[in-house]
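[1] Quick one, fold the following:
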Amino acid sequence: MSVYHIVFSPTGGTQKVSSLFLDAFGKESTKIDLCRRDEDFSVYSFCAEDICTISVPSYGGRVPAIAVSRLRQMKGNGARAILIAVYGNRAYEDTLAELRDVLTAAGFSCIAAVAAIAEHSIMRQFAAGRPDAQDAAELAGFANAIRAKIDESKAQGASAEALSNALSLPGGQPYREYGGVPMKPEAGNSCTRCGLCAQECPVGAIATDDPASTDAKRCISCMRCIAVCPQKARSVSKILLTAGSLKLKKACKEYKKNELFL
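    This is a model prediction of the structure:
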């Protein structure tokens, strides 16, 4: 049996959540980074004894389309999948349901799921500092509960398919429509054209020969370029950022709790 840590985390929030979960899960894992656009994800073929944690952020209540595309290339072959959807304190809506559908079609057996909070990737004031110590404790408890369920099912001879069929998740088809975010990062005068943002962009929206520019049509507003820029030279429109913050203020002001689905 091998444990795999499959994650799409442009700004690090989803990575923090999944790392806290896996630290408590207690098994050494192999990381597969869905942000890597130069990776051939079709080479990943798992077996029924493997355990895969698949962690994605929620973009407008959906799984990021680029993550969907890369997950579809993998071959689950009955591997047990633990789903983790991370959101910035608004809502995750159809994210877990869509992720399960994608993984099931790829041959995974989805046996458990977690919805967790992390600091919003664009409006950082929402869920600031999360996951925090309380979140870490809850995620550890979730990891222990899922591990116990796996051990119990093995002892009872229950199949991963049976566990998958018993898993009930919120959301479903037709999925919530998501038209993207109008905020596209641009480089300011402090840009040194080092090219790190172009190298790290998950979708190749920044040209290597002109890293100060952004292809707005290709950009998915994941904010990875802002997160990795050593000069802090990239940003989004302050006007759009203020408007977006006001729009989300009511939905994000309430403290949201992490959720476990078994």
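[2] any idea which helix is longest in the protein?
    helix 133-156 (DSSP state H).
[3] which residues touch stretch 26-38?
    Residues outside stretch 26-38 that contact it (CB atoms under 8 Å, 6 or more residues apart in numbering) are 2-10, 22, 39, 41, 44, 51, 53, 56, 66-67, 70-71, 143, 147, 200-204, 224. C-betas here are computed from N, CA, C, even on glycine.
[4] Repeat that for stretch 170-188.
    So stretch 170-188 is in contact with 59-62, 92-98, 101, 122, 197, 211-214, 216, 219-221, 223, 225-226, 233-237, 240-241, 244, going by CB under 8 Å, 6+ apart.
[5] hmm, try it at 6 Å
    Residues outside stretch 170-188 that contact it (CB atoms under 6 Å, 6 or more residues apart in numbering): 60-62, 93-94, 97-98, 212, 214, 216, 219, 221, 225-226, 233-234, 236, 240.
[6] And for stretch 63-72?
    Under CB under 6 Å, 6+ apart, the answer for stretch 63-72 is 8, 34, 41, 56, 95, 98-99, 102, 106, 202-203.
[7] now, which of these lie within strands?
    If you go by DSSP state E, the contacts of stretch 63-72 have Val56 in strands.
[8] would you turn the contacts of stretch 63-72 into TSV with pLDDT, neighbour count and distance to Lys16?
    Converted to TSV, those look like this (pLDDT from 0 to 100; neighbours: other CB atoms under 10 Å; distance: CB to CB, whole Å):
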residue	pLDDT	neighbour count	distance to Lys16
Phe8	98	27	13
Leu34	98	25	16
Phe41	98	16	23
Val56	98	29	14
Thr95	98	30	17
Glu98	98	23	22
Leu99	98	29	19
Val102	98	21	23
Ala106	98	19	25
Pro202	98	21	18
Val203	98	18	22
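[9] wait, isn't Thr95 in contact with Ile84?
    No - Thr95 is beyond contact range of Ile84, at 9.9 Å (criterion: CB atoms under 6 Å).
[10] hang on, the earlier thing: could you dump the contacts of stretch 63-72 into a markdown table with distance to Ser153 added?
    Shown next, in a markdown table, are the contacts of stretch 63-72 (distance: CB to CB, whole Å):
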| residue | distance to Ser153 |
| --- | --- |
| Phe8 | 28 |
| Leu34 | 27 |
| Phe41 | 28 |
| Val56 | 25 |
| Thr95 | 25 |
| Glu98 | 25 |
| Leu99 | 21 |
| Val102 | 23 |
| Ala106 | 21 |
| Pro202 | 35 |
| Val203 | 38 |
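[11] Among the contacts of stretch 63-72, name the ones in helices.
    Those of the contacts of stretch 63-72 lying in helices (DSSP H): 95, 98-99, 102.
[12] Which of the residues you listed sits closest to Leu167?
    Leu99 (11.7 Å; CB to CB).
[13] Tell me the gap between the one helix or strand Ala24 maps to and the middle of its chain.
    For Ala24, the element it lies in under DSSP states H and E is helix 13-25. Offset of helix 13-25 from its chain centre (CA atoms, centre = their mean, to the nearest Å): 11 Å.
[14] just to revisit the earlier point, any chance of a ChimeraX selection covering the buried ones in the contacts of stretch 170-188?
    Per 16 or more other CB atoms under 10 Å, the buried members of the contacts of stretch 170-188 correspond to this ChimeraX selection:
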select :60,61,62,93,94,97,98,212,214,219,221,225,226,233,234,236
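[15] follow-up on the earlier one: can you pick out the most distant pair from the ones in helices among the contacts of stretch 63-72?
    The largest separation in the ones in helices among the contacts of stretch 63-72, counting by CB to CB, is between Thr95 and Val102 at 10.7 Å.
[16] I'd like to know how many residues surround the closest residue to Val228 other than its chain neighbours.
    Leaving aside its sequence neighbours, Val228 sits nearest to Glu200 (CB to CB, 6 or more residues apart in numbering; 4.9 Å). Counted with other CB atoms under 10 Å, the neighbours of Glu200 add up to 17.
[17] got it, and Leu96?
    26.
[18] any idea how far Pro170 is from it?
    According to CB to CB, to the nearest Å, Leu96 and Pro170 sit 7 Å apart.
[19] what's the answer for Ser69, then?
    On the measure of CB to CB, Ser69 and Pro170 end up 24 Å apart.
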